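Enquirer: sequence unknown, structure follows:
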């Protein structure tokens, strides 16, 4: 038992050194399959030195040395093939043979054979490392072979037999254990590298997905440089690489601007896919001959079909009649937008019954009207603004948001959205962004310029009228 403990201690030193070795650039290069001359020489020398250490740290018994010398060449062969195993074995064997003694020849031969045998396994497995169990069995068989050579070549036979009885089991156990631990370390390293590679690949794919997602929302401003009657600006910042918020705006005709904002339940890739589907449906179904409520009814039914994921999306959809400033809109469970009046007063749109899209197929949505006066700004947002958290888990809240909006009454819509976003960021501080952030501001600037040319002038609008 004392001999076994000593050998295990010696083996532990080699394993620690081997662990440090596995973290080196050269070893990583070898794991990647780069076995050029430099790397081969590196393996031969390093594991040859391990073999010498196995001899020097051994214990002399009955004219022989109980040791872990074969461990280095065996590992070298498994890592790099027969040539590397042979080279490492020759170093260890030459050193052992130079020391002389009763077992010099069989020990030297067994060390060389150990390296070659490891190389044969390398070839048979086409460069793939064996598992922990197989490698340990291999080491045990090599020690049995080693003891057999001692019995075969050492004379007198009785002296060889006495020696083998003393050292065979401790050497077999120590070398097998050392081999198993080293292979376990290397296999774990390979798994770590594979995991890191998968992670890098996934991060790369998510970056591409983020670029694609952001590319499907308009982000060139000014959005309509030839239209002076209104100004619009929007910001979308996903909490993760991709998110579920959406916004859009486009002209249905010369006199009608369609605008929308939405927030999909959840975050990440599933929410981003649902967002893309929702935005596409809204844009393709939006038509000047339909009301926003009718459009939401249609899109809601389509989202409910085969919605096995159970995801849903809140949406605020509006049509701005540009000559008059009349807004016809419908709300599918989204945060109520604000109207910042030219005189500095701030109003929330009235609450109207509506649930998120994708929840209940037959839910009837309603439209309602209100009118923007010259200089009024309509501000739409997702709950990533008012529910943004700081490091103390306190929300930004409606009051702070309203204060920022009022403070920017004289600014452009771009500055207003950016200022609000900056205020939220400053409030959150080092706290992780808890939700996607989307802000859209629409300012009604100059209604007079088209007031006389509209053939489909609507009836005189009624502020905040619901249908």
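Expert: Everything's here; your move. These numbers were taken from a predicted model, which means no experiment stands behind them. Residues are numbered from 1 along each chain as shown.

Enquirer: in the stretch 201-350 of the chain, which spans are helices?
Expert: Shown for the stretch 201-350 of the chain, the helices assigned by DSSP state H, counting those that start in this stretch span residues 268-285, 292-304.

Enquirer: can you pull out the strands in this structure?
Expert: Using DSSP state E, the strands of the chain run over 59-61, 64-66, 230-237, 245-253, 256-264, 313-321, 326-332, 338-340, 346-348, 367-371, 377-381, 437-444, 465-466.

Enquirer: and the helices in the stretch 51-200 of the chain?
Expert: Under DSSP H, counting those that start in this stretch, the stretch 51-200 of the chain gives helices at 71-80, 82-99, 104-124, 132-153, 157-215.

Enquirer: circling back to that earlier point, mean pLDDT and mean neighbour count for the strands of the chain - can I get that in a markdown table?
Expert: Bear in mind the C-beta positions are built from the backbone N, C-alpha and C, glycine included. Conversion of the strands of the chain to a markdown table gives the following (pLDDT from 0 to 100; neighbours: other C-beta atoms under 10 Å):
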| stretch | mean pLDDT | mean neighbour count |
| --- | --- | --- |
| strand 59-61 | 85 | 14 |
| strand 64-66 | 83 | 23 |
| strand 230-237 | 94 | 21 |
| strand 245-253 | 95 | 20 |
| strand 256-264 | 96 | 25 |
| strand 313-321 | 97 | 26 |
| strand 326-332 | 96 | 25 |
| strand 338-340 | 96 | 22 |
| strand 346-348 | 93 | 14 |
| strand 367-371 | 94 | 21 |
| strand 377-381 | 97 | 26 |
| strand 437-444 | 96 | 25 |
| strand 465-466 | 41 | 13 |
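
Enquirer: dump the ones you listed to CSV, plus distance to residue 294.
Expert: Converted to CSV, those look like this (distance: least, C-beta to C-beta, whole Å):
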stretch, distance to residue 294
strand 59-61, 91
strand 64-66, 90
strand 230-237, 23
strand 245-253, 13
strand 256-264, 13
strand 313-321, 10
strand 326-332, 8
strand 338-340, 24
strand 346-348, 25
strand 367-371, 8
strand 377-381, 20
strand 437-444, 22
strand 465-466, 15
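
Enquirer: so for residue 412, which of these sits nearest?
Expert: strand 230-237 (6.8 Å; C-beta to C-beta).

Enquirer: just the angle for the closest one relative to strand 313-321, thanks.
Expert: 170 degrees (axes from the mean of the first three to the mean of the last three C-alpha atoms, to 10 degrees).

Enquirer: mind listing residues that contact strand 230-237?
Expert: 214, 217-219, 221-224, 243, 245-247, 249, 257, 259, 261, 320, 322, 384, 412-414, 416-418, 421, 433, 436-445 (C-beta atoms under 8 Å, 6 or more residues apart in numbering).

Enquirer: make it 6 Å
Expert: The contact list for strand 230-237 (C-beta atoms under 6 Å, 6 or more residues apart in numbering) reads 217, 221, 223, 245, 247, 249, 413-414, 417, 421, 437-445.

Enquirer: now swap in stretch 63-70 and tell me
Expert: 3, 7, 10-11, 51, 54-55, 58-59, 92, 101-103, 111, 114, 142, 163, 167, 171, 174-175.

Enquirer: again, only this time at 8 Å
Expert: By C-beta under 8 Å, 6+ apart, stretch 63-70 touches 3, 6-7, 10-11, 14, 51-52, 54-55, 57-60, 92, 96, 99, 101-103, 107, 110-111, 114, 139, 142-143, 146, 150, 159, 163, 166-167, 170-171, 174-175, 178.

Enquirer: now do the same contact list for residue 86.
Expert: 77, 112, 115, 116, 119.

Enquirer: now do the residue of the chain most remote from its centre against residue 163, distance only.
Expert: Going by C-alpha atoms, centre = their mean, the residue of the chain most distant from its centre is residue 156, 66.4 Å out. To residue 163, residue 156 is 11 Å away according to C-beta to C-beta, to the nearest Å.

Enquirer: how about residue 249?
Expert: With C-beta to C-beta as the criterion, residue 249 and residue 163 are 90 Å apart.

Enquirer: related to what we said a few turns ago, buried subset of the contacts of stretch 63-70 as a ChimeraX selection?
Expert: Of those, the buried ones can be selected in ChimeraX as follows, counting by 16 or more other C-beta atoms under 10 Å:
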select :3,6,7,10,11,14,51,52,54,55,57,58,59,92,96,102,103,107,110,111,114,139,142,143,146,150,159,163,166,167,170,171,174,175,178
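
Enquirer: what number of residues lie near residue 302?
Expert: 18 (other C-beta atoms under 10 Å).

Enquirer: pretty sure it contacts residue 284?
Expert: No. Counting by C-beta atoms under 8 Å, residue 302 stays clear of residue 284, with 9.9 Å between them.

Enquirer: so residue 395 makes contact with residue 383?
Expert: No. Applying C-beta under 8 Å as the test, residue 395 and residue 383 come out as separate, 9.6 Å apart.

Enquirer: neighbour count: those two, which is higher?
Expert: residue 383 (18 against 15).

Enquirer: mind listing what that one touches?
Expert: 263, 335, 435.

Enquirer: skipping its backbone neighbours, what lies nearest the last one in space?
Expert: Once its chain neighbours are removed from consideration, residue 435 has its nearest residue in residue 384; the separation is 3.8 Å (C-beta to C-beta, 6 or more residues apart in numbering).

Enquirer: how near is the one you found to residue 350?
Expert: Taken as C-beta to C-beta, the span from residue 384 to residue 350 is 23 Å.

Enquirer: go on, residue 136?
Expert: Residue 136 is 76 Å from residue 350, by C-beta to C-beta.

Enquirer: more crowded one of the two?
Expert: residue 136 (21 against 12).

Enquirer: from what I see, residue 404 and residue 420 are in contact.
Expert: Yes. Contact criterion C-beta under 8 Å: residue 404 and residue 420 qualify, at 5.0 Å.

Enquirer: more neighbours: which of the two?
Expert: Shown here are residue 404 and residue 420; by other C-beta under 10 Å, residue 420 has more neighbours (24 against 20).

Enquirer: which residues touch that one?
Expert: Contacts of residue 420 by C-beta under 8 Å, 6+ apart are 381, 385, 401, 404, 405, 408, 439.

Enquirer: isn't the fifth one up against residue 379?
Expert: Yes. Here residue 405 reaches residue 379: they are 5.9 Å apart, a contact under C-beta under 8 Å.

Enquirer: residues contacting residue 97?
Expert: 104, 105, 107, 108.

Enquirer: go on, residue 406?
Expert: So residue 406 contacts 340, 344, 346 (C-beta under 8 Å, 6+ apart).
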